[in-house]
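J.: Starting from these lines, generate the structure:
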Amino acid sequence: MASSTPSSLPRRDEGAFAPYTRAIGRHPLLVALITLASLAVAVAWVAKRSVQYEATAQILVTPVSTDSTTVTGLPLLSDSVDPTRTLQTAATVLTSPRASIVAAQALGRGWTASRVSHGVRVEPEGDSNIIAVTAKLPDRDDAIAAANAAARAALSVRAGTLHNQVDVQLASLKARRAALGASDPATSATLAGQIAGLEQIREGSDPNFLLQQQATAAKPTGKSAILIVLAGLVVGLLIGTGAALLLEQLDRRVRDEQDVLARFPLPVMTRVPLTRRRGAVDGRMALADPLVIEAYRTLQAQIDEPDEQGRVLMLTSASVGDGKTTCTIGLARALSAAGFSVVLLDFDLRKPDVGARLGMTTDSRSLFRPTAHVSELLVEDPDTQLRVLSAPPGSDGLNALELLLTRLPDLVAQAREIADYVVIDTAPLGRVSDALRLGGIADDVLVVVRPGNTDRKELGVARELLDHMAVRPLGLVVVGDTHAAGEGYYGYATKAAGDDRSFRLPALRAAEPAPHGRHGNRAS
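T.: Just a heads-up that it's a prediction; the model follows:
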């Protein structure tokens with residue numbers, strides 16, 4: 001009987017990045033194309049962008065003391081409890097349309113006040129007492145020249161405004177002093193000191209501003225080309241990985257063997273390759289291919305030998321198109337080629353294909369006769385000595401189906417009596433529950449999966465149903481290792497694709513069969 005141990009096997013623990021690496025591994029071309037596209041956009045942007053250069057001249061700001069009587073009435077910056085605000089005021093003082101015009105005139109032909117005002121900014125430099133006059137232009141030399149011209153123009157316009165105010169103050173103070181004459185020596189002396197201070201300002205430099213450092217060099221602005229290209233590469237990888245993950249979520253098929261084992265952790269009994277030989281119709285496995293033959297021989301070698309009661313092997317799958325029927329035929333032929341007596345029962349009652357695959361016909365009326373023994377229903381394949389019972393096409397009506405389902409246990413029991421192995425093809429368990437009628441009477445259950453075709457949800461359903469029936473499958477048959485068939489393999493001759501008689505090669509069959517019966521055709 002099948003194992004009574006439930007197949008509640010733990011799932012494999014995956015790392016945090018496993019979904020991402022798996023998605024990239026399954027869609028490498030998509031990730032590569034998106035990454036290359038992003039990289040191309042970054043390179044094109046770097047090639048077409050206009051490089052800007054920045055050059056900066058520095059103006060030192062020195063507020064005057066509020067105790068000085070000389071500065072009374074003049075537009076000078078005084079000490080303040082808020083140095084930041086003082087620097088902002090200083091930047092505003094140095095920024096004017098007139099300064100842009102003066103700078104454009106100093107720079108010469110091709111320069112306008114608008115070009116200067118758009119290319120130069122005047123702003124405090126951090127928390128220092130420095131005003132930075134920064135020019136940002138496409139040409140390195142133009143940036144240096146514009147920064148220096150704008151700084152000098154700002155100081156020149158500021159000096160002109162201040163001198164005008166000083167001249168007005170001097171005229172007023174001199175008139176007052178002249179009017180006093182010698183009548184008030186103390187006041188006259190005070191006025192004389194103020195006049196001297198103003199004349200010093202008139203003839204000297206601005207008390208608030210001083211050009212501390214001219215611009216001597218310009219540096220390119222923005223991100224470096226290398227950083228932009230690397231950013232494009234990273235963004236492309238992120239977008240590509242996201243697209244791959246999205247496809248993984250939308251695609252319900254298991255993508256590879258690792259995905260299968262993560263969802264249904266069972267031993268992999270064999271891996272059956274798909275071939276590209278002529279004659280492999282609709283992508284089905286060419287049973288004549290040496291590598292396919294070897295895959296089934298590997299599976300057959302792992303099956304326990306039958307006892308006096310025979311051994312029942314049931315193959316099922318999760319989804320339609322997994323290759324279950326072909327694998328059933330392949331295993332049955334491998335067992336027969338090894339010298340065992342084999343009965344092949346096609347109990348995929350909703351879609352019986354074994355007979356059609358082998359070119360056999362079955363008397364449909366006999367199947368429904370309650371007294372019919374299985375030996376009366378079997379048809380022998382002369383090429384492989386397989387005895388086959390295939391449900392007739394069109395027996396999927398509900399009444400006929402239920403009648404056949406009730407007969408299955410008796411038919412299997414009768415087949416045990418006349419064969420070493422009874423190999424049963426059943427319906428996909430992820431779609432319908434027919435196979436559960438046989439799960440309890442089969443000695444071994446094999447689950448056929450085909451990455452790229454098996455539905456993830458249906459695989460989960462199949463696992464849950466087997467768990468509930470306390471049936472632990474013997475293992476998995478993985479279909480889908482694609483190879484270009486045609487070469488000899490370890491000395492096997494390569495026969496024409498579609499010639500199923502290759503299972504009778506001497507390397508596979510050691511003796512001619514004896515008459516049918518319990519171990520009757522077991523090779524000596």
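J.: alpha carbons only for contacts and neighbour counts from here, please
T.: OK.
J.: Low-confidence stretches in the stretch 251-400 of the chain?
T.: In the predicted model, the stretch 251-400 of the chain carries pLDDT under 70 at residues 276-287, 361-368, 391-400.
J.: does residue 210 have beta-bridge partners, and which?
T.: Legend: beta-bridge partners of residue 210 under DSSP bridges are residue 60.
J.: Would you confirm that it contacts residue 59?
T.: Yes: the criterion here is C-alpha atoms under 8 Å, and residue 210 meets it with residue 59 at 5.5 Å.
J.: Could you check which of these two has the larger neighbour count?
T.: A count of neighbours by other C-alpha atoms under 10 Å puts residue 59 above the other of residue 210 and residue 59, at 27 against 17.
J.: need the contact list for the more buried one.
T.: The contact partners of residue 59, taken as C-alpha atoms under 8 Å, 6 or more residues apart in numbering, are 130-133, 151, 209-213.
J.: Now, these that are in helices?
T.: residue 151 (DSSP state H).
J.: Show the buried residues in the contacts of residue 59.
T.: 130-133, 151, 209-211 (16 or more other C-alpha atoms under 10 Å).
J.: SS state for residue 350?
T.: When classified by DSSP: H, G, I helix; E, B strand; the rest coil, residue 350 comes out as coil.
J.: Next one: residue 440 relative to residue 359, how far apart?
T.: Computed as C-alpha to C-alpha, to the nearest Å, the residue 440 to residue 359 distance reads 31 Å.
J.: Looking at those two, which is more packed in?
T.: Using other C-alpha under 10 Å as the criterion, residue 440 and residue 359 rank with residue 440 on top: 19 against 9.
J.: That one against residue 471, yeah?
T.: Yes: taking C-alpha under 8 Å as the definition, residue 440 is a contact partner of residue 471 at 7.2 Å.
J.: And what about residue 215, helix, strand or coil?
T.: coil.
J.: nearest residue to it other than its sequence neighbours?
T.: Nearest non-adjacent residue to residue 215, counting by C-alpha to C-alpha, 6 or more residues apart in numbering: residue 57, 4.6 Å away.
J.: What of residue 420?
T.: Residue 420 sits nearest to residue 310 (C-alpha to C-alpha, 6+ apart), 4.6 Å away.
J.: check contacts around that neighbour.
T.: 416-417, 419-422, 518.
J.: pretty sure residue 461 is touching residue 433, no?
T.: No: look at residue 461 against residue 433 with C-alpha under 8 Å: they stay out of range, at 10.0 Å.
J.: can you put the buried ones among the contacts of residue 59 in a markdown table and add pLDDT and distance to residue 218?
T.: Converted to a markdown table, those look like this (pLDDT from 0 to 100; distance: C-alpha to C-alpha, whole Å):
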| residue | pLDDT | distance to residue 218 |
| --- | --- | --- |
| 130 | 93 | 19 |
| 131 | 93 | 17 |
| 132 | 94 | 14 |
| 133 | 95 | 13 |
| 151 | 94 | 15 |
| 209 | 89 | 23 |
| 210 | 91 | 22 |
| 211 | 92 | 18 |
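J.: quick check, nearest of those to residue 259?
T.: residue 132 (61.8 Å; C-alpha to C-alpha).
J.: Correct me if wrong: the closest one contacts residue 120.
T.: No: contact status for residue 132 versus residue 120: not in contact, 10.0 Å apart, counting by C-alpha under 8 Å.
J.: Apart from its chain neighbours, what residue comes closest to residue 129?
T.: Residue 129 sits nearest to residue 61 (C-alpha to C-alpha, 6+ apart), 5.6 Å away.
J.: Tell me how many other residues surround that neighbour.
T.: 23.
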